[in-house]
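>>> everything below, folded, please.
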Amino acid sequence: MTVSGSAKFTPTFESVPCDNCGSCQSTFLFSGPDREHDFHGNFPVVECVQCGWLRQNPRPIATDLVQYYPDDYNAYAKAIEDERGFWNRWDRRYGMIKRCRSVERWVGKGRVLEVGCGTGIFLNEMRRRGWSVVGVEPNLYASNYARTRFGMEIFTGTLEEFSAPPESFDVIALWNVLEHLPTPAQDMRRMARALKKDGLLVMGIPNLESLDRRLFKECWRGWELPRHLYFFSRSGLETFLNQQGLKIIATRCPAGNYYAFLLSLHIYLRERFKTNWRQMDMLIQIGRQFPIRLCTFPVFWLIDALKASSLLTYYARKL
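Predicted structure coming up:
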């Protein structure tokens with residue numbers, strides 16, 4: 001198990017070259033704290049001078065990075081919590097069904113690999129629909145839960161350690177994972193090799209061109225320092241995928257962007273009104289209520305249509 005979110009430790013930092021082009025030359029943009037678990041440290045974001053990729057640099061060394069994923073990390077804890085209540089479980093399953101349908105729009109039944117599968121809820125839904133499923137998850141707590149709860153084939157470790165055979169998967173999925181990878185360019189090459197011809201790569205990532213990022217700036221939820229290590233523009237990502245023989249065939253704004261907006265708003269309000277954070281929390285809870293969501297639906301529908309949401313999902317075909 002990893003440490004509790006309340007634990008404090010001082011990380012050791014290392015400077016790393018850009019994983020895309022190998023350059024060590026960069027321009028400093030800003031630095032920020034861990035706003036989710038309040039671990040000690042201030043984490044700088046830089047832009048590569050040569051290729052334009054954004055990354056966290058310097059960053060905590062690999063053995064310290066794992067400390068930032070405690071057992072109560074939201075991606076794990078919320079999924080497990082939702083399993084305990086009927087309505088939450090159904091709401092989450094409905095979201096997973098939408099993800100599954102979005103994949104099946106482009107590919108029929110086959111073999112799917114999910115990188116960073118967490119507690120396994122997406123893979124479980126894919127298996128229900130007749131897919132053969134495999135998951136890779138570095139967090140022991142989450143991967144053990146997926147194996148125990150759903151009885152699926154889950155590899156505990158990194159994609160490099162997994163060593164997927166060439167052309168062995170019809171679909172490879174990463175839901176809000178690419179930005180967490182210490183070596184995303186190298187891992188993308190591994191995934192491209194593991195995809196069958198005409199196979200589909202699907203990935204959801206924070207959108208650097210989003211309205212939320214422009215509005216909230218350093219308080220944008222998409223930064224999520226120090227867990228997010230790389231940040232991708234649409235043009236930069238498309239160029240890189242093309243170099244790996246992958247062609248983007250669609251981009252979609254998934255459900256949940258309203259909540260992404262609320263999370264960024266929450267961060268901003270707590271930064272702006274430090275002495276009144278309880279009142280700010282109450283405002284966010286009001287914003288979660290269905291009547292408010294219904295009233296704001298036209299605005300967020302338009303933002304999604306303009307591809308300006310905080311999250312984007314990319315669908316890329318292997319040529």
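
>>> how near is the residue positioned nearest the centre of the chain to residue 302?
The residue lying closest to the centre of the chain (C-alpha atoms, centre = their mean) is residue 176, at 1.6 Å. Residue 176 sits 23 Å away from residue 302, going by C-beta to C-beta, to the nearest Å. Yep, even glycine has a C-beta here, placed from its N, CA and C like the rest.

>>> which strand or helix spans residue 313?
strand 311-318 (DSSP states H and E).

>>> same deal with residue 101?
helix 86-104.

>>> now do the buried residues in the very next helix or strand once past that helix.
Where DSSP H and E defines the elements, the next helix or strand beyond helix 86-104 is strand 111-115. Across strand 111-115, burial judged by 16 or more other C-beta atoms under 10 Å covers 112, 113, 114, 115.

>>> is it true that the second one touches residue 137?
Just to be clear, that refers to residue 113. No. Here residue 113 lies out of contact with residue 137, judged by C-beta atoms under 8 Å, at a distance of 11.4 Å.

>>> shaky segments in the stretch 201-319 of the chain?
Within the stretch 201-319 of the chain, the stretches with pLDDT under 70 are 255-256, 275-280.

>>> at 80 what do you get?
254-256, 273-285, 287-288, 290 (pLDDT under 80).

>>> about what we covered before: got a markdown table for the buried residues of strand 111-115, with pLDDT and distance to residue 251 too?
Output for the buried residues of strand 111-115, formatted as a markdown table (pLDDT from 0 to 100; distance: C-beta to C-beta, whole Å):
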| residue | pLDDT | distance to residue 251 |
| --- | --- | --- |
| 112 | 98 | 20 |
| 113 | 98 | 21 |
| 114 | 97 | 20 |
| 115 | 97 | 19 |
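
>>> where exactly do the strands run in the stretch 101-250 of the chain?
111-115, 132-137, 154-156, 169-175, 195-206, 230-231, 246-252 (DSSP state E, counting those that start in this stretch).

>>> so for residue 46, which of the ones you listed sits nearest?
Proximity to residue 46 (C-beta to C-beta) singles out strand 230-231 among the strands of the stretch 101-250 of the chain, at 10.3 Å.

>>> list the helices and strands the closest one packs on?
strand 54-56 (3 or more C-beta pairs under 8 Å, 6 or more residues apart in numbering; DSSP states H and E).

>>> so what touches the strand it packs on?
With contacts defined as C-beta atoms under 8 Å, 6 or more residues apart in numbering, strand 54-56 is touched by 16, 18-19, 26, 29, 43-48, 208, 225-226, 228-233.

>>> chain center to that strand: distance?
15 Å (C-alpha atoms, centre = their mean, to the nearest Å).

>>> same question for that strand, mean pLDDT?
The pLDDT scores in strand 54-56 average 98.

>>> got the domain ranges for this structure?
Domain ranges of the chain: 13-68, 74-253+313-318, per automatic domain parsing.

>>> out of those, which one sits most buried?
For the domains of the chain, average neighbour numbers computed from mean count of other C-beta atoms under 10 Å are highest in domain 74-253+313-318, which has a mean of 19.

>>> so what strands line up beside the strand holding residue 313?
Partners of strand 311-318 in the sheet, by DSSP bridges, are strand 195-206 (antiparallel), strand 246-252 (antiparallel).

>>> please identify which of the ones you listed is closest to residue 239.
Among the strands paired with strand 311-318, the nearest to residue 239 by C-beta to C-beta is strand 246-252 (10.4 Å).

>>> can I get that closest one as PDB, trimmed to CA atoms?
Backbone C-alpha positions of strand 246-252 (Å, rounded to 0.1, in the frame of the first residue of the first chain) are rendered in PDB as follows:
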ATOM      1  CA  LEU A 246      -1.300   6.600 -36.100                       C
ATOM      2  CA  LYS A 247      -3.900   8.800 -37.700                       C
ATOM      3  CA  ILE A 248      -6.500  10.700 -35.600                       C
ATOM      4  CA  ILE A 249      -9.900   9.900 -37.000                       C
ATOM      5  CA  ALA A 250     -12.000  11.800 -34.400                       C
ATOM      6  CA  THR A 251     -11.900  13.900 -31.300                       C
ATOM      7  CA  ARG A 252     -14.700  14.000 -28.800                       C
END
